[in-house]
Structure formats: structure tokens, C-alpha cells
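Enquirer: give me the fold of what follows.
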Amino acid sequence: MFSSEEAWNCLSNRWIFWWGDSNHCDTIRNILHFLLDVHDIQAVPRRFDMNITNPKNPSQMVRFTSIFNGNPNATGNYQGLNSLINAEYRELLEGYFSENAVPDTVIMNSGLHDGVFWPNVRRFINGADYAASFWAKIVDGVRKRGLKPPEIIYRTTVTTGGYARRLAFNPHKMEAFNGVVLDKLRQYGVVNQVIDDFDMTYPWHYDNRCNDGVHYGRAPAKMKWRDGQIGHQYFVDLMLGHVLLNALCIR
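Expert: Coordinates of the predicted model:
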């Protein structure tokens, strides 16, 4: 468990690039609020790029960049890895890795949107192969320019909970899709670390006490939740934030 001071000492002067579904937006917000003690960012949009300063020590700063991968358009949904067929979207991603400074770490997942777009594993394999080859080219391009390539952390997609267990991104399907993406990333030599968000969220997926079906990090509200009770618990995402900090900071 990281104190704010420990988290800042780890992340200061680093650039963390996030590529995943909207659960990343929630996790970034919760890391800012509860681990870095930054409270002036109430919500993280699907496309986010900001230098964040430690409010207690202005000499410490971290850059967070997050690009949504559920759709090449930041307002769309249910394209998942298929977003990469869009040339403008690929150029957007490539632009962050084509300058003299590149991200230190990439945190990625395949996202729940894949469960809607791809009807079965056989078709999804092609999409995962294309995505892995795309990131392999980015990493290789950074290396060929004489720069240190980013460390890539694959964060498996969360387990959908409550009512969402019966939908297109049901846990059985997404567990298989997680395995396909990870196999492809390893095949192309891209991934450095794996964080199993699927297994860590599975114990809380039977109802909506800790999720709204597809998100574990949404802030509680003083209103009736899906199960009829007031509010909900989101400690699960706070736990996942500390897990990420361990992956980023412990050597």
C-alpha cells in the first residue's frame, strides 16, 4: 500500500501512457485522488493528456496520457481493437511515440468493447494479432531511433458483474479474449508485465455492490444503486490502483 509521498517519489518525472476502456478513466481518477492526493480533477475523459504536479511538492510532476480504445471516436463504443483499422486513430497513437521523448510505460487492456464487436474467438484472433503487431511496430520504431522503448503492462479486462454477466462481454467470453490478446502480445515480444484484473475482480462480480456491471471505480452517489440500496462500494478499484503502483514502482 502506497502513501502519497511514496507514490509521488515513484512516479515523479515519468510519463505513463494508458490505452484501454473506460475502466482506465476511473482508475486514473482514483489514483489521482487517493494515491497522489490530487483532487482538482473530478473526472478523466476518454482522451486525456496532462502534466500533473504534486500539490505538496511543486518540483514533482508526472504525465498521464490516456487514449480510449473502445472506438476510434472518443464518443463512440463497441469497436474495441477494431478501432485500429482507422488510419487517423493509428496516427494519433503513433504520434505519442514519434518524438524525442516517449512514454516510460504503457498500460493497456483489450477492453469490454471487444466482447460486443467480435462474436467469437476465431474472429477475435485476427483483431488481436493486428493489435499486437501494431504495438510491436511502435516499440521497434522507438528502439530503432536509439531511444529506450516503453515498458508495456497488459492489464486484463475486468469481470463484468451482476446483470452484465449475461451480456455480450460476459465473463466466460472475456476470459478467453484476455488469453488471446496476451498470447499475441507475447508472440510479438511486446508485453513486459501482466496484471490480472480479471481474476482480482471476479470475487466481486456476482452482484452490483462493487460495480455498475462494467465499471468498478465509479464514485458512490447518495442514491439507490442497482440492488436497491443506497450507494455502493468501490474499494476494488482502489485496490487495483495500488496493484498498478506495485507494478510501476517495485523492482
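Enquirer: now the element after the top helix by length along the chain, going C-ward?
Expert: Ranked by residue count, the top helix of the chain under DSSP state H comes out as helix 121-144. As assigned by DSSP states H and E, the chain's next helix or strand after helix 121-144 is strand 151-155.
Enquirer: for the stretch 51-200 of the chain, which spans come out with low pLDDT?
Expert: By pLDDT under 70, the stretch 51-200 of the chain has no low-scoring segment.
Enquirer: the helices in it, which residues?
Expert: For the stretch 51-200 of the chain, the helices defined by DSSP state H, counting those that start in this stretch cover 87-95, 113-117, 121-144, 171-187, 197-201.
Enquirer: pick the most buried one from those.
Expert: Counting by mean count of other Cβ atoms under 10 Å, helix 113-117 has the highest mean neighbour count of those, with a mean of 24. For the C-beta atoms, the positions are set from N, CA and C on the backbone; glycine is no exception.
Enquirer: what is that one packed up against?
Expert: Applying 3 or more Cβ pairs under 8 Å, 6 or more residues apart in numbering; DSSP states H and E, one finds that helix 113-117 contacts helix 121-144, helix 171-187.
Enquirer: neighbouring contacts of it?
Expert: Helix 113-117 is contacted from outside by 21, 69-71, 77-82, 124, 127, 157, 167-170, 173-174, 177, using Cβ atoms under 8 Å, 6 or more residues apart in numbering.
Enquirer: please pick the buried ones from the residues you listed.
Expert: 21, 69-71, 78-82, 124, 127, 157, 168-169, 173-174, 177 (16 or more other Cβ atoms under 10 Å).
Enquirer: circling back: and of the helices of the stretch 51-200 of the chain, who's closest to Pro103?
Expert: Ranking the helices of the stretch 51-200 of the chain by proximity to Pro103 (Cβ to Cβ) places helix 121-144 first, at 9.3 Å.
Enquirer: just the CA coordinates for the longest helix of the chain, please, in PDB.
Expert: Presented in PDB, the C-alpha positions along helix 121-144 are these (Å, rounded to 0.1, in the frame of the first residue of the first chain):
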ATOM      1  CA  VAL A 121     -12.800 -16.200 -30.500                       C
ATOM      2  CA  ARG A 122     -11.900 -17.300 -34.100                       C
ATOM      3  CA  ARG A 123     -12.600 -13.800 -35.400                       C
ATOM      4  CA  PHE A 124     -11.100 -12.000 -32.400                       C
ATOM      5  CA  ILE A 125      -7.800 -13.800 -33.000                       C
ATOM      6  CA  ASN A 126      -7.300 -11.700 -36.200                       C
ATOM      7  CA  GLY A 127      -8.000  -8.500 -34.400                       C
ATOM      8  CA  ALA A 128      -5.700  -9.300 -31.500                       C
ATOM      9  CA  ASP A 129      -2.900 -10.300 -34.000                       C
ATOM     10  CA  TYR A 130      -3.300  -6.900 -35.700                       C
ATOM     11  CA  ALA A 131      -3.200  -5.000 -32.400                       C
ATOM     12  CA  ALA A 132      -0.100  -6.900 -31.200                       C
ATOM     13  CA  SER A 133       1.700  -6.300 -34.500                       C
ATOM     14  CA  PHE A 134       0.800  -2.600 -34.400                       C
ATOM     15  CA  TRP A 135       2.300  -2.200 -30.900                       C
ATOM     16  CA  ALA A 136       5.300  -4.300 -31.900                       C
ATOM     17  CA  LYS A 137       6.000  -1.800 -34.700                       C
ATOM     18  CA  ILE A 138       5.700   1.100 -32.400                       C
ATOM     19  CA  VAL A 139       8.100  -0.400 -29.900                       C
ATOM     20  CA  ASP A 140      10.500  -1.300 -32.700                       C
ATOM     21  CA  GLY A 141      10.300   2.200 -34.100                       C
ATOM     22  CA  VAL A 142      11.300   3.700 -30.800                       C
ATOM     23  CA  ARG A 143      14.200   1.300 -30.400                       C
ATOM     24  CA  LYS A 144      15.500   2.000 -34.000                       C
END
